[in-house]
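# here's my sequence, what's the structure:
(4 chains)
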2 protein chains.
Amino acid sequence: MTDRNLVSIRPFLANLAGLIRMTEEELTSLMHLVKALNRHMAHQQILEEGTPSDRIVVLIQGTACRFRRLPNGRRQITAFLVPGDICDYRFLSSGSVGQNVAALSPVAVARIPVESFVAASEKYPVFMRAMLSASAVDDAIMREWMISLGQRNALQRMAHLLCELELRMRRVGLAENGSFPFAATQADLGDALGLSSVHVNRTLQELRRRHLVGMSKGVVTLHDVDSLMRLALFEPRSLGYERAGRPNVAIQ
Amino acid sequence: MTDRNLVSIRPFLANLAGLIRMTEEELTSLMHLVKALNRHMAHQQILEEGTPSDRIVVLIQGTACRFRRLPNGRRQITAFLVPGDICDYRFLSSGSVGQNVAALSPVAVARIPVESFVAASEKYPVFMRAMLSASAVDDAIMREWMISLGQRNALQRMAHLLCELELRMRRVGLAENGSFPFAATQADLGDALGLSSVHVNRTLQELRRRHLVGMSKGVVTLHDVDSLMRLALFEPRSLGYERAGRPNVAIQ
DNA sequence: CGCAGGGTTGATGGGTATCAAGAATGGTGG
DNA sequence: CCACCATTCTTGATACCCATCAACCCTGCG
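Reported below is the predicted structural model:
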């Protein structure tokens, strides 16, 4: 299952192979686990919390988010998903979906049966190790969001998010010169950063005024990554990518 | 290794067994994996991010927290740990510690060699499944903190935290009638909830004024859990305990 | 007794939310 | 191709939640 309708699962392979080195054979085998490619329109929900599921769902193309709604109607976006990301890791411990996932742009998602992934991991233990590493990175990013929400002001939060996204997009080969596609509205950004959409607007204006960031038509451009990182108190190591690459003694 | 110095690892067993049903034999075997009990004084750091490690560290007694420091000196507490909690799950994917953990009161921690845990999981797959479920619960709690930081005001955050702690303590048999030991200062609570210690103080006063909560000498008492839950927008299911109990098709 | 850490209180200001309205933008059907 | 509509973005005014600063109090403890 490769490149059907001109969609490539390469970001997914790049994501996992970026965490744990894999041989050509392993990469090929991993590729063949992908059983279907689905498309969703923007605003469509891809996964629903609590639903039974026997698949691993991977975002391949477009932008998506995880979110949760409160009884009072407010929404918190708990993660942005970029191509290569696993939508939900609950399959590691349960047969049901752990959180809501929605498309923010038209997206393509790949599906891998959990059963066949587990089976393949018997032959290639590197698969499960890579998956657990990816899950650990996911955790680290989540923790960094908590820190943003708790300790950074609006400008720093926005700057940090953009630095994070640029790094993640670059890892899967989708960012060039600090420029990458990203399809969240200012309201979405607000729900992610714990800000009102009005204040998101003013924050972005300030970043533009300082010649740090440009945003138009779903493409983000970081003009001065260094200054942005300093402003954001961004520490690339905190996303946990490099540590994840180390040999893993835990699960063989 | 049981009850040395009158310390029981029961909370740990209760925690895992509460996620996945285990037989007596399995529980006994799990108990015997614990190789050492250490004590730490309040304010002492138990784990340091990035350090190599080949152990699973479990809090057995007392209160601890995970935290991260920003370059500007601010600190975000990313989790409170109660007896039975695994301090850090990074061992699942890496040979190093994923985050800082510090004692908030005098604590006792148990140590399990990763190697022996993995070996035992070969014989009792339920161990690894329980560990992954525990990790998933940990994630769910983290997500709920993000939602608090992003969408709830000070009063709701505090109320939500207390509901969460009561539930977790009750699960391991350490809460009675809404009352449980908990040893964070108001400054600690502030660093967890993204509030200043001054505002934590005023928030607690308000909760006392409404006859919802009492706090003294390291013991928290929830006088009216229902009202508190309503105020907090607390949804017990969101912590992911019940779902984690389902039979797991993923890792056998 | 004196000290340090933690809790409490008041005053002031700032960072963001909220409300309201208008301006762009983009997609859709005639 | 244009008119229209919904969505998104933008701007201004106002209010409030909470941070910060600065004392002071209380308690436990060496």
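# surely A:Gly214 touches A:Leu204?
No: with contact defined as Cβ atoms under 8 Å, A:Gly214 does not reach A:Leu204; the gap is 9.7 Å. Backbone N, C-alpha and C define where each C-beta goes, glycine included.
# these two - which one has more neighbours?
A:Leu204 (19 against 15; other Cβ atoms under 10 Å in any protein chain shown).
# how near is the more buried one to A:Met128?
Computed as Cβ to Cβ, to the nearest Å, the A:Leu204 to A:Met128 distance reads 41 Å.
# repeat for A:Asn38
A:Asn38 is 24 Å from A:Met128, by Cβ to Cβ.
# more neighbours: these two, which one.
A:Met128 (21 against 12).
# contact residues of the stretch 51-200 of chain A facing DNA strand D?
A:Thr185, A:Gln186, A:Ala187, A:Ser197, A:Val198 (Cβ under 7 Å from any atom of the strand).
# tell me which of those fall in strands.
Of these, none are assigned to strands by DSSP state E.
# give me the number of residues near A:Thr28?
Count around A:Thr28 with other Cβ under 10 Å applied: 11.
# scratch that, A:Ile20
21.
# same question for the one 10 residues further on.
Other residues within reach of A:Leu30 by the criterion other Cβ under 10 Å amount to 22.
# ditto for the one 10 residues further on
Each residue near A:His40 was counted by other Cβ under 10 Å, and the total is 19.
# ditto for the one 4 residues further on
If you count neighbours by other Cβ under 10 Å, A:Gln44 ends up with 13.
# what sits against it?
A:Gln44 sits next to A:Ala102, A:Ala103 when contact means Cβ atoms under 8 Å, 6 or more residues apart in numbering or on different chains.
# distance of it relative to B:Leu195?
Distance, A:Gln44 to B:Leu195, by Cβ to Cβ: 37 Å.
# okay, now the closest residue to A:Asp54 other than its chain neighbours: neighbour count?
Nearest residue to A:Asp54 in three dimensions, chain neighbours excluded: A:Val114, at 5.2 Å (Cβ to Cβ, 6 or more residues apart in numbering or on different chains). Applying other Cβ under 10 Å, we find 18 residues neighbouring A:Val114.
# so what pLDDT did A:Val114 get?
Looking at A:Val114, its pLDDT stands at 97.
# beta partners of the spatially most central residue of chain A?
Centroid-nearest residue in chain A: A:Leu81, 3.1 Å away (criterion: Cα atoms, centre = their mean). For A:Leu81, the beta-bridge partners are A:Ala64 (DSSP bridges).
# show the backbone phi and psi for the residue at the greatest distance from the centre of chain A.
Distance from the C-alpha centroid of chain A peaks at A:Arg209, with 28.1 Å (Cα atoms, centre = their mean). Main-chain torsions, A:Arg209, degrees, to the nearest 10: phi -60, psi -30.
# thought A:Ile86 was touching A:Val57?
Yes: between A:Ile86 and A:Val57 there is a contact at 7.2 Å, judged by Cβ under 8 Å.
# point out where chain A drops to low pLDDT.
For chain A, the stretches with pLDDT under 70 are A:1-6, A:243-252.
# biggest helix in it by residues?
Assignment by DSSP state H gives helix A:125-151 as the longest helix of chain A.
# what's the helix or strand that that one is followed by packed up against?
For helix A:125-151, the following helix or strand on the C-terminal side (DSSP states H and E) is helix A:154-171. Here helix A:154-171 touches helix A:125-151, strand A:179-181, helix A:186-193, helix A:197-209, strand A:219-222, helix A:225-232, going by 3 or more Cβ pairs under 8 Å, 6 or more residues apart in numbering or on different chains; DSSP states H and E.
# run the last query once more with 6 Å
helix A:197-209, helix A:225-232 (3 or more Cβ pairs under 6 Å, 6 or more residues apart in numbering or on different chains; DSSP states H and E).
# how far off centre is the helix or strand just after the first one?
Past helix A:197-209, heading to the C-terminal end, the next element that is a helix or strand (DSSP H and E) is strand A:213-216. Its chain's C-alpha centre lies 20 Å from the corresponding centre of strand A:213-216 when counted by Cα atoms, centre = their mean, to the nearest Å.
# just checking: what are the partner strands of strand A:213-216?
Strands adjacent to strand A:213-216 in the sheet, as given by DSSP bridges, are strand A:219-222 (antiparallel).
# how about the strand it pairs with: buried residues?
Buried residues in strand A:219-222, defined by neighbour count with 16 or more other Cβ atoms under 10 Å in any protein chain shown: A:Val220, A:Thr221, A:Leu222.
# return the distance of the closest residue to the first one other than its chain neighbours relative to DNA strand C.
If I follow you right, that is A:Val220. Distances taken as Cβ to Cβ, 6+ apart place A:Phe182 nearest to A:Val220, at 4.8 Å, with adjacent residues excluded. A:Phe182 sits 15 Å away from DNA strand C, taking Cβ to the nearest atom of the strand, to the nearest Å as the criterion.
# just A:Gly73 next, same as before
11 Å.
# sec struct for that residue, please.
Using DSSP: H, G, I helix; E, B strand; the rest coil, the structure places A:Gly73 in coil.
# now swap in the one 5 residues further on and tell me
Reducing the assignment to helix, strand or coil with three-state DSSP, the entry for A:Thr78 is strand.
# now for it, how many residues are close by?
Counted by other Cβ under 10 Å, the residues lying close to A:Thr78 total 22.
# beta partners for A:Ile112?
Note on A:Ile112: beta-bridge partners by DSSP bridges are A:Ile56.
# give the contact list for it.
Neighbour list for A:Ile112: A:Leu33, A:Val34, A:Ile56 [criterion: Cβ atoms under 6 Å, 6 or more residues apart in numbering or on different chains].
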